[in-house]
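Sequence and predicted structure, then a few things I'm wondering about:
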Amino acid sequence: MNIPLLAGTVSTVLFASSMLPMLFKAVRTKDLASYSLSNITLTNIANAVHSFYVFDLPAGPVWLLHTFYVVTSALMLVWCLRYRKAPTETPATETPATRGHLRPMSAAAIGHK
């Protein structure tokens, strides 16, 4: 095996391994609120376009790495859409002016009589 092919193989394994914790956490928690839907969408579009270039190259580690990126970014997009939380309704006592502000506690809640 020549040095460039060995380097490509090692880097492919390292890049793929670096994404596994993100994937496992997304599968386990189904919490994808910290991921940007627009970023994941653009990543999928870029992967689709980049595929024309990558798969025109001779078969090698870059094919494996790109295939891994295509599959993982597609999974993240599907999961992001599937597990997206619907916006919660605003409680009746909350108004746009008070949203996010601390409210004083009543004397009964504090323990005063």
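Received it, and whenever you're ready, just let me know what you need. Numbers count the residues shown, from 1 in each chain.

all helices of the protein, in order?
Along the chain, counting by DSSP state H, helices occupy 3-29, 37-54, 61-82, 107-110.

And the longest one, what does it pack against?
Spelled out, that is helix 3-29. In this structure, helix 3-29 packs against helix 61-82, with contacts taken as 3 or more Cβ pairs under 8 Å, 6 or more residues apart in numbering; DSSP states H and E. Heads up, the C-betas are built off the backbone N, CA and C, glycines and all.

buried stuff in the helix it packs on?
By neighbour count with 16 or more other Cβ atoms under 10 Å, helix 61-82 contains the buried residues 61-62, 64-66, 69-70, 72-73, 76-77, 79-80.

Could you measure from the residue nearest the centre of the chain over to Ser73?
Nearest to the mean C-alpha position of the chain, by Cα atoms, centre = their mean, lies Tyr35 at 4.3 Å. Using Cβ to Cβ, to the nearest Å, one gets 11 Å for the distance from Tyr35 to Ser73.
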